[in-house]
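Colleague: Here you go, sequence then predicted model.
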Amino acid sequence: MSAAEPTELVVAQAIDWRVRLASGLAQVEELQACQRWRSLHPSHEQAWQRLAVFDGRLGAMPPPQASQALRYRDRRTVLKGLVLLVGGSAVVGSASLGLRGSPWLAAQQTAMGERRRLQLPDGGWLQMNSDTALDLAFDSQQRRVKLLAGEVMIQTGKQGAERPFWVDTPQGVLQALGTAFSVRLNGDSALLAVEEGAVAVRPGTWQQPAAVIHAAEQVRFDRQGVFATQPLDRDALAWRDGYLVVRQWPLAQLCAELGRYRSGVLRCDPAVAHLLISGVFPLDEPDRALAALGRSLPVRARYLTRWWVTLEPA
């Protein structure tokens, strides 16, 4: 067994963490404790990532039943299955970006509420958030991602590092300088968050020189220019693990963010829009998150239909 191969005990601990954080009742401190556990040893992160793949095979099963489904399987059998799942992940081949410019024509798309992780030919990876569309072009001259809608997290690889790594957005062009970073499109602007390395940003009009954003920094930019650099908000990166971290958010803001992960209309009554909430909410089950709100605030989720929900005074 390699140093990073999870033991049965580590797998059991990873299961406990995933079930706890999917309950809809987890607090920010619990997510931070889980992140510390994941960083203690490479095998912890290995077990976490493999279970993330296996979780998708459990469908919409509630956490108690999902926990049993994981706990009562032979741990070594589970791990063998997970290795096959990870090994069978889609590898993105070379593709021409051509004249594509519409999310509807993108080669890679995620549905509302779906997240997908792709292995890149350079040894890196790319994770798409909910309702995201992009095209990829990896060939002998370039490594290129064209982000047309949504949000993506990218870890560049070391294979073919002599080729530049570009990310095209409607607001401008990014060049990764050996790095891990996320890009989120939001109307007429985009948000770049750099976790490792550095990323050069050039606004779409090319009227400003490229700005270099370093690790632990984030910046918003549009076609006209790059705004002031801010410290990295690591809570905003929790989506890649399936969680929304909230610290004293107005309920209206939480409602708008959860609305990115469920189909239909999710409204917030102005009478409760100002109420503040903190916590960790599971993105794979936004309706479970809505139900959990009633345990912390004097609100309820009223379903006119499955597709039309309003948060209102209890």
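Modeller: That came through, no problem.
Colleague: What pairs with the strand or helix carrying Ala193, parallel or antiparallel?
Modeller: Using DSSP states H and E, Ala193 sits in strand 189-196. When sheet partners are counted by DSSP bridges, strand 189-196 sits next to strand 180-186 (antiparallel), strand 217-221 (antiparallel).
Colleague: Can you give the distance from the very next helix or strand once past the last one to the centre of its chain?
Modeller: Scanning the chain past strand 217-221 towards its C-terminal end, the next helix or strand to appear is strand 230-231 (assignment: DSSP H and E). Here strand 230-231 is found 19 Å from its chain centre; the criterion is Cα atoms, centre = their mean, to the nearest Å.
Colleague: follow-up on the earlier one: could the strands paired with strand 189-196 go into a markdown table alongside mean neighbour count and distance to Gln32?
Modeller: All C-beta atoms are positioned from the backbone trio N, CA, C, and that covers glycine. What follows is those, written out as a markdown table (neighbours: other Cβ atoms under 10 Å; distance: least, Cβ to Cβ, whole Å):
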| stretch | mean neighbour count | distance to Gln32 |
| --- | --- | --- |
| strand 180-186 | 20 | 19 |
| strand 217-221 | 20 | 19 |
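Colleague: which one of those lies closest to Leu275?
Modeller: strand 180-186 (24.0 Å; Cβ to Cβ).
Colleague: just the CA coordinates of that closest one, formatted as PDB?
Modeller: Output in PDB follows, covering the C-alpha atoms of strand 180-186 (Å, rounded to 0.1, in the frame of the first residue of the first chain):
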ATOM      1  CA  ALA A 180      -4.700  26.600  -9.100                       C
ATOM      2  CA  PHE A 181      -7.500  29.200  -9.500                       C
ATOM      3  CA  SER A 182     -11.200  29.700 -10.100                       C
ATOM      4  CA  VAL A 183     -13.100  31.900 -12.400                       C
ATOM      5  CA  ARG A 184     -16.800  32.900 -12.000                       C
ATOM      6  CA  LEU A 185     -18.800  34.800 -14.600                       C
ATOM      7  CA  ASN A 186     -21.400  37.200 -13.100                       C
END
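Colleague: related to what we said a few turns ago, right, and the strands paired with strand 189-196 - which one's nearest Val299?
Modeller: strand 180-186 (26.1 Å).
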